[in-house]
Structures are given as C-alpha cells and as structure tokens.
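> Quick check, what structure comes out for this input:
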Amino acid sequence: MRYLTVQDFGTWLGVEGARLIVRDREGRILEESLSRLRAIRIEKRGVSLSSDLVLECAARGIRIFFIDWRGHSVSTVINPKNQHAVVKVREAQFMCFHSPMAAELSAEIIRAKVRNERAVLLYFAKGMRGRSDDRNEILSAAAGELKDNAERIADIAPDGTDSEGDSWRGRIMGIEGISASIYWNALAEAGLLPESFTKREGRGATERTNASLNYGYAILQSYVWAALDNAGFELYEGVLHTDKPGKPSLVLDFMEEYRAWVVDRIIIKLRGVIGTGYAVLDPRLRRRIASEIDSAMQTVIKKGGSRVKLENAMQRQAYRLSGAVVGEKKYKGISFSW
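Numbering: from 1, shown residues only. Coordinates of the predicted model:
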C-alpha cells in the first residue's frame, strides 16, 4: 500500500473510475490505482481536489492528510462509516485514561521510547567497532545509561506514584527528559549530528537537522494516526500528553515509541544530504525524507515470532493498546533490534 505525497503548487487531483489522476501545472499526469493507495499527504497550498475524489477516498478508507510548511499535520479527512464500532473502545479509553492505569500505560510508552533510543545508539555504535577513535565507546556508554533509565521507569506503582510517593507524570517525564538529553548529546559527541545542531528544537525550527526531524515526525504521524483510528480510539484524548484544542494527544503519545527508530535513525543516515546550517527544506529534500520513511514503514521486522512489515506491526500495537484499554491484557510497547 502506498502513501502519496503532493508538494507542488497548482497540482490537481481527481478520479476516473477506480484510478487516482494527478495533474501538475504543466499538464503532466500521474495515474495510480486507488486499491493500492493507503493515504494522500498534501504539503502545499494551491492543491485542488475534486469532490468525487474526496468521496471515493472516504468510501475506501483512504485518508487525506494536510501538512503545513513547518511539517506539522493540521487536518485529515476520514471515513465516518469507520466510526460505528468504536463506542466501546472510546468509553473504556476515557475511563482508563483517568484511572491509575494511566500511569502504567504512560510508563510503558516512555519505557519503549527510551529502549528504542538505546537501540539507535547501539545501531550506530555497531558500525563504529574497531575504529581508532572513541565514538563507539561514547555511544555504548550512553546506551548503558538509557538501559538503566528504562528500568527506573518500571518503578512506577499501580496507584500512580513511584516508590518515593512522587507523582507518576512528573517522574516519568523527568526520566524521559534526562534520557533525551543523554541520547542527543551522545549522537552529537559521536559526530552523527552537524555543528549547527546544538539542541533539539520543535515547532518552527530553522536549523536543518531539527527541521528535517520535525518534517519526518509529521510523516510518521500520518501512519500513527491511521493505526489508532483503525483501532477505534478518540485521537484527541491522550494519556501522557496534555489535552488541548486541536492537539491529537493520543497520536503524540503512541508516536513516542517510533520516533527514534523510524525517524531519527533515517535523518542521521541522511546527514550528508541534509547538510548543516539554517535554511528552509527544499521540496527535493522533503521528497527524499518522505520516501525513506515510507520505505522504512514497509521494512519487514521480527515481531512476536513472525515477520511482518513495520506498518502492520504498528497496527497490531494499536490493537493491543485498545485491548489493554478495555481490560483484555497488559500493554507492552514495541522494541526494535539493532
């Protein structure tokens, strides 16, 4: 299944029969079977969609995402027919996220995030074995610290406090923040980030690596959004991120497990293409980043004794999260192998 990214002003999208038709300002045409399409991502103003296409996409469950110039997903079109079976999940979600179980779920999500940051460090350390410099040691030492931090998160008690009686949210986010600092500092010290990258910056970043990361997270968000929506969740009711109008808090929660392995690892591997300094990302670089992440989501990984595509593994995780919310079994976050 394919994710189509549209980045050119003046592009028109329509439908003929069961095929998507894309026409640019020069009249060049791209055709794609709708049966092979999972989602459409629109990243530019001045793109036109026919109402027939919107209706056909809704009927087929093909999501349409709109991403702004900063790389943030700002809107989506979904099929309301897919919402008929979600009442049970959403009722359980609201109850669960305001109960002591919220601490358990949040701890597992952040524990998985830290484990996967560790996996990224070990992935790059593996390629530096036998070198005369100390970059392998820098990454391996930081990975050891992250392993300890992931185990510390397990100290969160079912009643929503840790062993010292502190608030679970403050405790979890404190460990998450310390781990993120160790992670990014190690990558920078090992020469895997440019000199212009002095710290991690979110919305509105102009430094090229940070801007590339933010754009990559927006691409990842479209996959996470689809997986959670398929599982029946209310995407704006989160368990860890605070709820604000227009903020898909649960999407941001669930995405934490995938940021490092899916996006950070790819952006680091593309560092020679991305370059250093401060500049707006050009369309060619955006297309390259989107293509690399789309390819990564189709990579086959080992999961639960079987081999599945990462996109399918993410969907399974979303269903497991819904199972945990309705009380079927405990949720276990995804872990990647380096």
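
> Show the contacting residues for the nearest residue to Arg152 once chain neighbours are set aside.
The shortest distance from Arg152 to any non-neighbouring residue, by C-beta to C-beta, 6 or more residues apart in numbering, is to Ile175 (5.7 Å). Heads up, the C-betas are built off the backbone N, CA and C, glycines and all. Contact analysis of Ile175 by C-beta atoms under 8 Å, 6 or more residues apart in numbering lists Ile110, Val114, Asn149, Arg152, Ile153.

> Next: Leu146.
Val114, Arg115, Glu117, Arg118, Leu121, Ser179, Ile182, Tyr183.

> And Ser222, by the same measure?
Listed by C-beta under 8 Å, 6+ apart, the contact set of Ser222 reads Tyr3, Ala39, Arg41, Arg63, Phe65, Ile67, Ser73.

> number of nearby residues for the fifth one?
Going back to what we said before, that points to Phe65. Using other C-beta atoms under 10 Å, Phe65 has 23 neighbouring residues.

> how about it, what does it touch?
Phe65 touches Ala39, Ile40, Arg41, Ile42, Ser73, Ser75, Thr76, Ser222, Trp225, counting by C-beta under 8 Å, 6+ apart.

> Serialize these to TSV and add fields for distance to Arg129 and secondary structure.
Rendered in TSV, the data for the contacts of Phe65 read as follows (distance: C-beta to C-beta, whole Å; DSSP: H, G, I helix; E, B strand; the rest coil):
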residue	distance to Arg129	secondary structure
Ala39	39	strand
Ile40	43	strand
Arg41	38	strand
Ile42	44	strand
Ser73	39	strand
Ser75	46	strand
Thr76	43	strand
Ser222	36	helix
Trp225	38	helix
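
> of those residues, the lowest pLDDT goes to which?
For the contacts of Phe65, the weakest pLDDT value sits at Ser73, with 66.

> coming back round to it: okay, the residue nearest to Arg152 and Val86: tell me how far apart.
Taking C-beta to C-beta, to the nearest Å as the measure, Ile175 falls 33 Å from Val86.

> quick one on the thing from earlier: dump the contacts of Ser222 into CSV; add distance to Phe97 as well.
Converted to CSV, those look like this (distance: C-beta to C-beta, whole Å):
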residue, distance to Phe97
Tyr3, 29
Ala39, 26
Arg41, 29
Arg63, 24
Phe65, 25
Ile67, 27
Ser73, 22
